[in-house]
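>>> Sequence first, then the predicted structure:
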Amino acid sequence: MLVVDVGDERELGYWGEVLTTAAEARGLAGLVIDGCVRDTAALAAHAFPVFSTGVALPGATKNRVGAVGVPPSWAGWRSAPATGSWRTATG
């Protein structure tokens, strides 16, 4: 399961069919994203579980830097440090 915090611009379409195909190839079980997704018909066809804050038509921006290894936060929640293969959220 991949948990993603996109930052302040949640309305952009950060996830779509290409990333879904790549995630499936890597064996990911699904996506939880504090942001919008696109290509919803393709996501449904893949039967890849996606929990997002919305659906967007525009693509993602390439004008902001990302971060790796930072605990995600969404809708006012901050993820606790990972223990094993489980991640929990605290308010």
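Structure's in. What do you need? Fair warning: this is a prediction, and the values are worked out from it, not measured in the lab. Numbering: from 1, shown residues only.
>>> ok, now which ones touch the residue positioned nearest the centre of the chain?
Nearest to the mean C-alpha position of the chain, by Cα atoms, centre = their mean, lies residue 33 at 3.1 Å. Residue 33 makes contacts with 2-4, 6, 14-15, 50-53, as judged by Cβ atoms under 8 Å, 6 or more residues apart in numbering. (Each C-beta comes from the backbone N, C-alpha and C, glycine too.)
>>> Top of those by number of neighbours, please.
residue 15 (25 neighbours; other Cβ atoms under 10 Å).
>>> Excluding sequence neighbours, find me the nearest residue to residue 42.
residue 17 (3.8 Å; Cβ to Cβ, 6 or more residues apart in numbering).
>>> meant to ask about residue 39, not that
Using Cβ to Cβ, 6+ apart, the nearest residue to residue 39 is residue 16, at 3.7 Å.
>>> okay, now that neighbour: neighbour count?
17.
>>> Hmm, it is touching residue 37, no?
Yes. Using Cβ atoms under 8 Å, residue 16 is in contact with residue 37, at 6.5 Å.
>>> And for residue 71, the neighbour number?
Around residue 71 there are 14 residues (other Cβ under 10 Å).
>>> separation between it and residue 21?
Distance check for residue 71 against residue 21: by Cβ to Cβ, to the nearest Å, it reads 27 Å.
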